[in-house]
Every structure is written in C-alpha cells, then in structure tokens.
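S.K.: Need coordinates for the below:
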Amino acid sequence: MDWQPVYDFWFPLDLTTAGIESHWRMLEWWMRGGANAELSRFAPVLAAGRSGRLDHWPETPRGRLSLIIVLDQFPRGLHAGTPAAFASDPEALRLAEQGFLNGHYDALSNPYERFFYFLPLAHAEGPDHLKRMERVVSVSEQALAEAPPHLKPVWEFSLTQAQANREIIARFGRFPHRNPILGRVSTTEEAAHIAKGDFVHLRSPPSNAAGVRP
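M.R.: Model (predicted):
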C-alpha cells in the first residue's frame, strides 16, 4: 500500500489561495471524520497500519504524516463510540514524537499538515498529557500569529479548541467522555461533566458553510 491515496483523500484541496469559506468547509469536513461514510474504503489501510504492514511509510515526512492520519483520524471515523476509536493513539503519538526528532515535522510547510501531525499529542491519554497539551496550545498560538489576516478566525477557533482541551486535561487528567466507552468508572466531578455534554470535540466551527464536502 502507498501513502499517497491517504494523503490525497485527507488533503483534497490546495487551500493556499482559497478564501475563508473554503477553509471553513474543509475544517467541517475534517471534524466530521472526513465524511465518515467515505472512510469505509480505508478500513483495510487502517488494519494494515495497526498490524505494522505500513511501517515503511514514515521514511518520508508526508508518508509519516499519512500514517499518523491513518492511526489517529481514521479510527475516530470508522470506530466512533467504541474502544477501537482510541486504540491506535499510542502508536500515532510515537510516530509524531519520532518525527519531531528526525526533522520530518520541520519539513512540513503546510499549516494543515502540521495541524494533523500534532493532534496525537492532544489525543493520546497518559501521564505526560498535560505537558503535551501545553505544546499543542503553544503551536496553536504560533499558527494564529502566522496566519494571514483573512484566515485568523479559522486559527482562532483552532486555538480555542486546544485551550479547552488543555483545561479538560488539567482538571481531570483524561477525557471523561471516553469513560463510558472504555468501561472506566467516572468520578463524581467527571459524571457531572459528562452529564453536561459540552464536549470540545463536538463543538462546531462558527460557519454557515458546514456540511458540504469541498
């Protein structure tokens, strides 16, 4: 299997000169798991990635990014609401951390490539989660500072999402909304948070262009 079809699927548009409406539509499509129904054809790719049959992909920066997307994003669309949605998080995080050390992250120039490269740091639970969330917030602040003026609302939304997730991890040390899925017992405070239902990952972008595949 080659990584290019995954990359082309996840980044179908060159947004370099696109207006903000296209950016909002693309962001909404990503947040819906790449229009989940379209992901079914990549189920064999996810299985291959989890079994180690795609371990040659990380030889290049975009190959590494594509495998991170397979292991971090695809499970959330293909296995939403089940433990399998989070099963690949540790491996996606390992790939990302390796790429920070070998220069693969620095070789990515597109801000959206870097955005998805960084997501395993936010998604993977663990003892260093809060420290990783601080890194995500810092990178999000930098992305906002570097964004052109007409696109700053997009990156402001991204920053608020990162900040909200940091607050969740600082407060609970994990994502409470995963507790019922993973069979974990919730604390009283976590149960109240779950009952409220204001989950960061379900917040919609402030756009009326949502729901349309670019």
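S.K.: all helices of this protein, in order?
M.R.: With DSSP state H, the ranges of helices along the chain come out as 4-10, 20-31, 43-50, 61-72, 74-78, 89-102, 111-123, 129-146, 152-172, 179-182, 188-196.
S.K.: need the contact list for the residue nearest to Arg135 when sequence neighbours are not counted.
M.R.: Excluding its sequence neighbours, the residue lying closest to Arg135 (CB to CB, 6 or more residues apart in numbering) is Leu121, at 6.0 Å. C-betas here are computed from N, CA, C, even on glycine. By CB atoms under 8 Å, 6 or more residues apart in numbering, the contact set of Leu121 is Leu93, Ala96, Arg132, Met133, Arg135, Val136.
S.K.: same deal with Leu67?
M.R.: If you count contacts by CB under 8 Å, 6+ apart, then Leu67 has Trp3, Gly49, Leu54, Trp57, Pro58, Leu95 around it.
S.K.: hang on, the earlier thing: looking at the helices of the chain, which one has the lowest mean pLDDT?
M.R.: Mean pLDDT is lowest for helix 20-31 out of those, coming in at a mean of 90.
S.K.: looking just at contacts, which helices and strands does it meet?
M.R.: helix 152-172 (3 or more CB pairs under 8 Å, 6 or more residues apart in numbering; DSSP states H and E).
S.K.: ok, residues contacting the helix it packs on?
M.R.: 20, 23-24, 27, 111, 115, 122, 129-130, 133-134, 136-137, 140-141, 143-144, 147, 175-176, 187, 189-190, 193, 200, 203, 205-206.
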